[in-house]
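In: Using only what follows, build the 3D model:
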Amino acid sequence: MGVSETLVGRQPIFGPDLSVTGYELLFRHLDAPEADHEDDGGYLTPEGLLGSSADGIGALVGTKRAFCNATASVVAGQTPIQTPPDCVVIEVGQSLVGDEAGLAGCRRLVEDGYTLAIDDFQEVDGAEELLEIASIVKIDTDVDDRERITELVARCRRFNVDLIAQNVDTPARLGQCEVLGFDYFQGYLLAHPHEVSGGPLIPGRLAGLRMAARLLDAECPITIIEDIIRSDPAMSYQLLQLAGAGAAGGMKRTVRTLREALVLVGWRRLQSWVALLLLTEDGTTSEEAIATVLIRARMSESLAAAAGCQPDTGYTAGLLSALDIVLSMSVERIVGTLPLDAELRGAVLRAEGHLGHLIADVADYQVGHPEQAVRSALPEATFRAAAVEALTWTVGMTAVLEPGPPS
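Out: Have a look, this model is predicted:
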């Protein structure tokens, strides 16, 4: 079974400065309920993924490390791992405590250069033998018993391990975990709105927002985008990188002119790329925040026809619904500054109509609540396929959002 048939999504793991240091790749069988797969606890690491090259992993996580739950066959060495050790972290569960064969398999993985992480660590007798092998320990912080979390942290600190706080989904919980002494934080933190001030929009930001909205209009002429790119050397450099990368990071292409690069990149991809660069040109927006916006827009576009909507409208609505993540202002304020028609406004603000149902479902799926994505009556497998395509598309987009070389 291939990655595209089993991948549910990816969840970011943040460093102390809230930069993304890696992603946990989440998998599940499509043909049977999770309870039928006790071996992997509902998560699968397909052989095709761990048996792939760095490029295979890179299509899903870019230059970051992938955290993958290991099945018993991986630990036992029955499933060979071809992915380079610096590209992946192998996650194991506490069920291996007391399992001499399993512990021996973990030691082999470490000897081969792989980083081992203990997933969802709990208080259990004999865990020291696993803690001595692992380099990373993940602790669920979505619990009310703060004293228990404090004790788990203290127990792990006796070993040479880094600690990841799981289920960090709000700034408030992030602050609590920082106080508890965690090194890294895992969750959909950047996919949730942040508190914003109620003051007026900065004129430059308002102008950028309106220009971005114009660029996303299906009737916007390509000459406008070409003029913007030609006037910005760094953007010109990034465009040449984007065009030369090839589809989904595939074969490299030789590009001779900016006009040729414009053609190779494609209209829709170019629209969203330039619009987001205009919105985030102050350099304070993280790559993960941009990726979150792009994934929602791309998923909305690819699912639009099945939901009875126009793809272009789906893309724009999806993007608008997520702009609060990169602009630090409410969606209501953003929409209020733009000349949108009634259908688009109702869909984004109130989840009205087929378009609104689709956008709301994509948002729920994106932040890890697929069970709530039922308004558009699309099967979960359809959302999964769209999420995989949107993820690989977005990784290629964000790969060239780094600043260009000095002039």
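In: Give me the nearest residue to residue 180, chain neighbours excluded.
Out: residue 153 (5.6 Å; Cβ to Cβ, 6 or more residues apart in numbering). C-betas here are computed from N, CA, C, even on glycine.
In: and the helix or strand where the one you found lies, what does it pack onto?
Out: Here residue 153, judged by DSSP states H and E, is contained in helix 146-156. Packing partners of helix 146-156 (3 or more Cβ pairs under 8 Å, 6 or more residues apart in numbering; DSSP states H and E): strand 136-140, helix 171-180.
In: what's in contact with that helix?
Out: With Cβ atoms under 8 Å, 6 or more residues apart in numbering as the contact definition, helix 146-156 has outside contacts at 121-123, 127, 131, 137, 139, 141, 143, 163, 176, 180-182.
In: Filter the residues you listed down to the buried ones.
Out: Buried members of the contacts of helix 146-156, scored by 16 or more other Cβ atoms under 10 Å, are 121, 127, 131, 137, 139, 141, 163, 176, 180, 182.
In: Minimum pLDDT in those residues, which residue is that?
Out: Among the buried ones among the contacts of helix 146-156, residue 127 carries the weakest pLDDT, at 86.
In: how close does that one sit to residue 92?
Out: The gap separating residue 127 from residue 92 is 12 Å, by Cβ to Cβ, to the nearest Å.
In: give the contact list for residue 270.
Out: Residue 270 touches 222, 225, 239, 262, counting by Cβ under 8 Å, 6+ apart.
In: In TSV, list those along with distance to residue 351, pLDDT and neighbour count.
Out: Formatted as TSV, the contacts of residue 270 follow (distance: Cβ to Cβ, whole Å; pLDDT from 0 to 100; neighbours: other Cβ atoms under 10 Å):
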residue	distance to residue 351	pLDDT	neighbour count
222	32	77	13
225	31	77	19
239	35	76	27
262	35	78	18
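In: Tell me, how many residues neighbour the closest residue to residue 310 other than its chain neighbours?
Out: Counting by Cβ to Cβ, 6+ apart, residue 310 lies nearest to residue 304, which is 6.1 Å off, once chain neighbours are set aside. Residues near residue 304, counting by other Cβ atoms under 10 Å, number 24.
In: if I pick residue 304, what's in contact with it?
Out: Counting by Cβ under 8 Å, 6+ apart, residue 304 has contacts 310-311, 313-315, 355, 358.
In: Which of the residues you listed ranks first by neighbour count?
Out: Highest neighbour count within those: residue 358, with 28 neighbours (other Cβ under 10 Å).
In: Need the per-residue pLDDT for that residue.
Out: On the pLDDT scale, residue 358 is placed at 97.
In: Tell me the helix or strand right after whichever strand or helix holds it.
Out: Using DSSP H and E, residue 358 sits within helix 353-366. Going down the chain from helix 353-366, the next helix or strand is helix 380-398, by DSSP H and E.
In: Tell me the buried residues in that following helix?
Out: For helix 380-398, by 16+ other Cβ under 10 Å, it's 383-398.
In: now stretch 367-384
Out: Going by neighbour count (16+ other Cβ under 10 Å), the buried part of stretch 367-384 is 367-368, 370, 373, 375-376, 378, 383-384.
In: Going by distance to residue 189, which of those wins?
Out: When the buried residues of stretch 367-384 are compared for distance to residue 189 (Cβ to Cβ), residue 367 comes out closest, at 10.2 Å.
In: Is the closest one in contact with residue 188, as I believe?
Out: Yes - if you go by Cβ atoms under 8 Å, residue 367 and residue 188 touch, sitting 4.8 Å apart.
In: Among the contacts of residue 270, which pair sits farthest apart?
Out: 222 and 239 (12.7 Å).
In: who touches both of the two?
Out: 262, 270.
In: Nearest to residue 18 among the buried residues of stretch 367-384?
Out: Of the buried residues of stretch 367-384, the one sitting nearest to residue 18 (Cβ to Cβ) turns out to be residue 367, at 17.0 Å.
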